[in-house]
Every structure is written in structure tokens, then in C-alpha cells.
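Enquirer: 3D, please:
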Amino acid sequence: MKNSLIILNPAARSEKAARLHDRLREVCTGASIRETTMPGDAERVARAAVEEGYTAIIAAGGDGTVNEVVNGIVSAGSPETVLGILPVGTMNVFAVELGIPLNSLEKAWEVIRSGSVRRLDLPLCKTPEFTRCFVQLAGAGLDAEVVRRTTRESKKALGPLSYLLSLAQIAGQKPSPITLRSDDGKERVGSFVLLGNGRFYGGPFKMFRKGSPIDGLLDVLVFRNQSPWDLLRYMHAILVGQQEELSDVEYFQTGEISLSSEGIVPFELDGEMSGYLPVNFSVKSVALPVFAPLIA
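Expert: Numbers count the residues shown, from 1 in each chain. Here you go, the predicted structure:
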């Protein structure tokens with residue numbers, strides 16, 4: 001494809017990364033390729049690519065790479081630049097949400113080459129220090145602490161298992177309560193919070209029953225407790241799709257929500273540690289054009 005740039009997060013300077021680069025050149029004919037070397041590179045490269053006139057920017061990596069590319073496009077002020085996704089990272093939840101093939105580079109490239117574009121909602125995260133976008137999910141409290149403690153080296157070596165090991169280390173800690181204020185004025189309190197711009201969280205789990213990336217709403221799950229026993233209950237309920245039936249879990253949708261805490265509570269965006277509360281989340285409706293199947 002002409003006027004398209006692939007931003008590749010090779011994850012490591014290795015023979016495997018070199019092979020992936022070669023495969024991209026072989027399959028993705030007509031597109032330029034640039035590699036990242038450190039966190040934040042994908043955002044900087046995407047911003048520069050917009051300024052250079054690229055009309056399609058393709059993230060080859062996981063959800064973190066997609067997040068950086070989207071923030072680069074948005075910060076460059078180019079709402080019509082189309083995002084493409086080649087899901088070759090550790091976690092590819094956004095690709096799952098959109099129905100982009102995970103195990104075939106050729107099929108994922110065909111989605112882009114076909115030119116099928118969907119316009120999706122773009123969630124915004126605002127703190128006193130910065131404003132950033134995310135595409136699929138965010139969390140405050142437990143899951144953000146897990147992300148904060150999981151090193152890049154551990155993710156490379158163990159994949160998704162690395163997050164479970166971090167969870168085991170912090171499961172017994174007492175959390176600082178999180179106060180939520182939604183756009184209807186209602187106030188809630190929980191131990192940890194998950195937010196979604198679609199159905200999926202953490203891979204194949206349909207965490208948000210009503211979730212959609214085109215409804216102009218954020219999906220919110222509030223978990224009120226966090227003892228080891230509570231976490232086991234929650235995990236079992238999630239595995240069987242019954243988390244909303246638990247009396248100490250609340251699910252709702254909102255166009256805007258603020259989170260605060262008297263303690264030091266982290267939050268994550270698309271699986272990457274991003275900052276600490278307080279934070280405000282909102283949604284910009286159908287503001288992100290993405291190459292994706294029309295029906296996922």
C-alpha cells in the first residue's frame with residue numbers, strides 16, 4: 001500500500017525480531033517500515049509520519065504499541081489518518097475486539113489492504129499533568145499495580161503468565177479505596193476498577209457485556225473487595241462469565257467518569273502503567289478511523 005507506514009515494535013534485538021522484519025517486508029508490499037528502540041518511540045514515529053504526509057499508519061506489535069501509535073496520530077492533529085493493526089505483540093486485545101486475525105500476518109494484512117475502515121470511539125484520559133487516549137481498556141488499582149510490577153523482561157520470557165505471577169505477589173495487600181463519580185452525579189466506592197471501550201479484557205474474556213467501541217460510552221466494572229478469597233471468587237466468575245451477578249461487583253455505562261483516592265493508586269491504559277489518581281475519563285464518539293472488518 002502506498003503512503004502507508006508500519007511501525008514495528010520488535011520487542012527485542014534478536015534473530016526472531018529480524019525474521020519478523022523480513023516477513024513484514026515480504027507480506028506487506030508497498031508499505032514503509034520503521035522499528036522502535038525504546039518505550040515512547042512508536043508515538044514519536046507516528047507523530048513524525050503524520051507530519052511527513054503518511055495517510056495510513058500501522059502498528060505492528062501489541063496493545064501498548066497500538067496505544068502509542070494512536071496517541072502519536074492524535075497529538076499530530078490528524079483525525080483522518082487511518083490506523084492499521086498487525087497483532088504481533090504479547091497482548092492483542094484490541095485486535096480481538098475488532099475481529100482482526102491474530103495468527104496470520106497475511107490475513108491481518110489483507111484486512112488493511114482491503115481498505116475497509118470503521119470509525120471507532122476514542123476514549124480520553126485526563127489528569128492534572130497530561131491528556132492521553134486509549135483504545136480498548138483502562139484500570140485503576142489492582143490491575144494497574146499488576147502492570148506496574150510486571151517487568152518487560154518478564155513479559156518477554158513468560159507472556160501473559162507474567163501478570164499472574166505479579167498478581168500473586170500483591171493479592172493480600174490492603175488497597176486504598178477508590179471514589180468514582182459518573183456523569184449522572186452518582187458516587188461509588190471500590191477497591192479496584194476496570195474500564196472498557198468494548199467487550200474484551202485481558203484477551204478472550206468478555207468482561208463488559210454491553211461493551212461496544214461505537215456507542216459513545218465507557219463500560220465500568222467496580223470491584224468492592226480485594227482479599228485473596230475475593231480475588232479467587234472474581235476470577236472464577238470472570239472465567240464463567242458471571243461477574244455481573246456478584247453482589248460486590250457493579251457494572252454500568254457512562255459517558256464520563258472521574259476517579260480519585262486519598263492513597264497512592266496507579267492506573268493503566270491499554271496494559272501500560274500510565275500514572276496515578278486522580279484521573280478523568282471521557283469519550284470522543286466515532287473519532288478514530290481504523291482498518292477493520294465491518295462486522296467483528
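
Enquirer: wait, Ser227 sits on Gly172?
Expert: Yes. Between Ser227 and Gly172 there is a contact at 7.4 Å, judged by C-beta atoms under 8 Å. Just so you know, the C-beta spots here come from the backbone N, C-alpha and C atoms, and that holds for glycine as well.

Enquirer: compare these two (neighbour count), which wins?
Expert: Ser227 (13 against 10; other C-beta atoms under 10 Å).

Enquirer: so who does the more buried one touch?
Expert: Contact partners of Ser227, counting by C-beta atoms under 8 Å, 6 or more residues apart in numbering, are Gly172.

Enquirer: cool, Ser260 as well?
Expert: 178-179, 181, 277-278.

Enquirer: bridged to it, which residues?
Expert: When bridges are called by DSSP bridges, Ser260 pairs up with Thr179.

Enquirer: any idea how far Arg181 is from it?
Expert: 8 Å (C-beta to C-beta, to the nearest Å).

Enquirer: and whatever helix or strand His21 lives in, what does it pack onto?
Expert: Using DSSP states H and E, His21 sits within helix 15-27. The contact analysis (3 or more C-beta pairs under 8 Å, 6 or more residues apart in numbering; DSSP states H and E) places helix 15-27 against strand 4-8, strand 32-35, helix 105-114.

Enquirer: now do it against helix 105-114, angle only.
Expert: Interaxial angle, helix 15-27 versus helix 105-114 (axes from the mean of the first three to the mean of the last three C-alpha atoms, to 10 degrees): 40 degrees.

Enquirer: now helix 15-27: buried residues?
Expert: 20-21, 24, 27 (16 or more other C-beta atoms under 10 Å).

Enquirer: and Met186, how many neighbours?
Expert: Small correction: residue 186 is Lys, not Met. 11.

Enquirer: got the phi/psi numbers for it?
Expert: phi -80, psi 140 (degrees, to the nearest 10).

Enquirer: could you check the pLDDT of it?
Expert: Note on Lys186: pLDDT of 95.

Enquirer: now swap in Arg113 and tell me
Expert: 95.

Enquirer: now the one helix or strand Ala46 maps to against strand 4-8, angle please.
Expert: Here Ala46 sits within helix 41-52, counting by DSSP H and E. In terms of direction (the same axes, to 10 degrees), helix 41-52 departs from strand 4-8 by 170 degrees.

Enquirer: about what we covered before: same list, the buried residues of helix 15-27, but as TSV with distance to Ser104 please.
Expert: Shown next, in TSV, are the buried residues of helix 15-27 (distance: C-beta to C-beta, whole Å):
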residue	distance to Ser104
Leu20	14
His21	18
Leu24	13
Val27	10
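
Enquirer: sort out which one of those residues lies nearest Leu165 for me.
Expert: Leu20 (26.0 Å; C-beta to C-beta).

Enquirer: which residues in this protein form helices?
Expert: 15-27, 41-52, 63-75, 93-98, 105-114, 142-149, 152-158, 161-170, 228-239 (DSSP state H).

Enquirer: count residues in the vicinity of the closest residue to Arg209 other than its chain neighbours, would you?
Expert: In space, not counting the residues next to it along the chain, Arg209 is nearest to Glu244; the distance is 6.5 Å by C-beta to C-beta, 6 or more residues apart in numbering. The number of residues packed around Glu244, counting by other C-beta under 10 Å, is 14.

Enquirer: what does the one 4 residues further on give?
Expert: Residues within reach of Asp248, counting by other C-beta under 10 Å, total 13.

Enquirer: ok, what's across the strand from Cys133?
Expert: Leu124.

Enquirer: quick revisit: and the helices and strands packed on helix 15-27: which comes nearest Phe130?
Expert: strand 4-8 (21.3 Å).
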